[in-house]
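J.: I would like the atomic coordinates for the input below:
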Amino acid sequence: MDPRKLILAVSEAMNATVIGQQEVVERLLIALLADGHVLMEGFPGTAKTRSVKTLSKLIDSKFGRIQFTPDLLPSDVTGSEIYREQNATFEFQPGPIFGNLILADEINRAPAKVQSALLEAMEERQVTVAGQTHQLPRLFLVLATQNPIEQEGTYPLPEAQMDRFLLYVRVDYPEGENETAILRLVRGEKSGESPEPTPPLPQNVIFEARNQVNAIHVAEAAERYIVDLVLATRYPQQYEGDLPKWIRLGASPRGTLALDAAARAHAWLQGQDFVSPDNIRAVAPACLAHRVHLSYEAEAAGVTRTEVIEALLKNVVPA
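T.: Model (predicted):
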């Protein structure tokens with residue numbers, strides 16, 4: 001069967017369970033297709049964890065959950081060497097990072113030493129313990145969550161780690177009519193009225209879909225638009241308005257690569273065989289918001305990173 005139809009069926013099943021978060025669902029599927037990680041930020045109770053767990057159930061995958069706390073150790077994430085007395089040898093015991101979909105829940109509650117344990121895994125798809133390198137599965141996504149209102153007992157993510165997330169997804173409260181649907185859905189689940197579970201999607205379908213995404217054509221004009229957007233974050237003084245006083249530091253080349261990969265995945269989901277400026281604009285806030293560093297003036301004025309990227313899109317137009 002057509003991989004796109006199967007992926008869209010996953011999207012439909014997710015939207016039936018994660019109500020009112022269509023954009024979040026789309027972003028998760030884009031990350032799955034583009035083979036990248038996601039940082040989800042939102043208030044408690046906005047279905048961040050539910051959306052990740054739902055995706056894991058709809059895919060033939062091993063789900064791993066790491067609850068980040070201040071007393072967590074790096075070995076609690078990666079695993080460690082265990083001494084086996086019966087053979088007098090050390091044996092590697094894999095940690096929860098050795099899965100397909102990894103929920104890093106409240107990632108900013110752990111100190112930098114623990115957060116850094118994810119760096120090698122997210123970038124190189126491997127873990128090194130006691131001098132030995134262990135490969136992670138081919139299907140490997142870190143889906144991290146954090147609460148924007150918690151400040152006490154939290155540790156801001158290092159910029160190097162922020163840059164390793166393909167997408168930043170802001171999860172907002174659902175609208176009123178969706179809140180009623182959520183109420184009825186959860187009430188039905190508690191009374192045992194949940195629908196029959198959907199057969200999980202085989203991993204080979206995901207890999208075939210990724211091959212098709214990689215084959216999506218990106219014209220030279222689209223490439224130029226992607227590069228222009230990233231360069232505008234680095235040299236905002238070339239544009240009028242508030243951008244020069246809002247941006248302190250721009251996106252790295254990973255931002256360019258993220259825009260390219262996410263735009264191709266977005267085009268594929270739309271049934272296109274090429275990337276258009278609309279695809280690039282649709283994913284630009286998710287690809288660039290967490291890679292742009294705001295000035296003190298912008299922070300004092302309450303300007304968000306997403307608002308900066310939206311202003312950027314108004315200033316930078318495709319050739």
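J.: distance of Ser61 from Asn100?
T.: 4 Å (CB to CB, to the nearest Å). In this view, the C-beta of every residue, glycine as well, is placed from N, C-alpha and C.
J.: hmm, I was thinking of Val10
T.: As judged by CB to CB, Val10 and Asn100 stand 14 Å apart.
J.: repeat that for Ile280.
T.: Distance, Ile280 to Asn100, using CB to CB: 29 Å.
J.: same check on Thr145?
T.: Using CB to CB, we find Thr145 at a distance of 17 Å from Asn100.
J.: who's more crowded, these two?
T.: Neighbours per residue (other CB atoms under 10 Å) separate Thr145 from Asn100, with Thr145 holding more: 24 against 19.
J.: and the nearest residue to Ala298 once chain neighbours are set aside, what does it touch?
T.: Using CB to CB, 6 or more residues apart in numbering and skipping residues adjacent in sequence, the residue nearest Ala298 is Trp246, 4.1 Å away. Trp246 makes contact with 236, 294-295, 297-298, 303, 308, 311 under the criterion CB atoms under 8 Å, 6 or more residues apart in numbering.
J.: can you tell me which of these are buried?
T.: 236, 294-295, 298, 303, 308, 311 (16 or more other CB atoms under 10 Å).
J.: can those residues go into JSON lines with extra columns for pLDDT?
T.: Output for the buried ones among the contacts of Trp246, formatted as JSON lines (pLDDT from 0 to 100):
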{"residue": "Pro236", "pLDDT": "90"}
{"residue": "Leu294", "pLDDT": "89"}
{"residue": "Ser295", "pLDDT": "88"}
{"residue": "Ala298", "pLDDT": "87"}
{"residue": "Val303", "pLDDT": "88"}
{"residue": "Val308", "pLDDT": "91"}
{"residue": "Ala311", "pLDDT": "91"}
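J.: now, those that are in strands?
T.: Leu294 (DSSP state E).
J.: nearest to Leu33 among the buried ones among the contacts of Trp246?
T.: Comparing the buried ones among the contacts of Trp246 against Leu33 with CB to CB places Val308 closest, at 26.4 Å.
J.: now the closest residue to that closest one other than its chain neighbours: phi and psi?
T.: Distances taken as CB to CB, 6+ apart place Trp246 nearest to Val308, at 5.2 Å, with adjacent residues excluded. Backbone torsions of Trp246, given as degrees, to the nearest 10, read phi -90, psi -40.
J.: for Ala232, helix, strand, or coil?
T.: helix (DSSP: H, G, I helix; E, B strand; the rest coil).
J.: okay, now it: neighbour count?
T.: Under the neighbour criterion other CB under 10 Å, Ala232 is assigned a count of 21.
J.: and Ala104, by the same measure?
T.: Ala104 is flanked by 28 other residues according to other CB under 10 Å.
J.: before we move on, what about Arg224?
T.: The number of residues near Arg224, taken as other CB under 10 Å, comes to 12.
J.: walk me through the domains of this protein.
T.: Residue ranges for the domains of the chain, per automatic domain parsing: 3-188, 216-315.
J.: farthest residue from the center of this protein?
T.: Largest separation from the mean C-alpha position in the chain: Gln86, at 42.9 Å (CA atoms, centre = their mean).
J.: for the most centrally placed residue in the chain, give me its contacts.
T.: Residue closest to the mean C-alpha point of the chain, counted by CA atoms, centre = their mean, is Val38 at 1.0 Å. Neighbouring residues of Val38 by CB under 8 Å, 6+ apart: 27-28, 31, 141-144, 165-169.
J.: any low-confidence regions in the stretch 101-250 of the chain?
T.: 149-153, 192-196 (pLDDT under 70).
J.: 80 instead, please
T.: 116, 130, 148-156, 158-160, 176-177, 188-198 (pLDDT under 80).
J.: show me where it has strands.
T.: Listed from the start of the chain, the stretch 101-250 of the chain has strands (DSSP state E, counting those that start in this stretch) covering 101-105, 126-129, 132-135, 141-146, 165-171, 247-249.
J.: let me have those strands in JSON lines, extended by distance to Phe207.
T.: Output for the strands of the stretch 101-250 of the chain, formatted as JSON lines (distance: least, CB to CB, whole Å):
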{"stretch": "strand 101-105", "distance to Phe207": "15"}
{"stretch": "strand 126-129", "distance to Phe207": "19"}
{"stretch": "strand 132-135", "distance to Phe207": "16"}
{"stretch": "strand 141-146", "distance to Phe207": "13"}
{"stretch": "strand 165-171", "distance to Phe207": "17"}
{"stretch": "strand 247-249", "distance to Phe207": "36"}
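J.: His266: which of the ones you listed is closest?
T.: Among the strands of the stretch 101-250 of the chain, if distance is taken as CB to CB, the winner is strand 165-171, at 10.9 Å.
J.: other SSEs contacting that closest one?
T.: Applying 3 or more CB pairs under 8 Å, 6 or more residues apart in numbering; DSSP states H and E, we find strand 165-171 packed against helix 22-34, strand 37-42, helix 253-269, helix 277-288.
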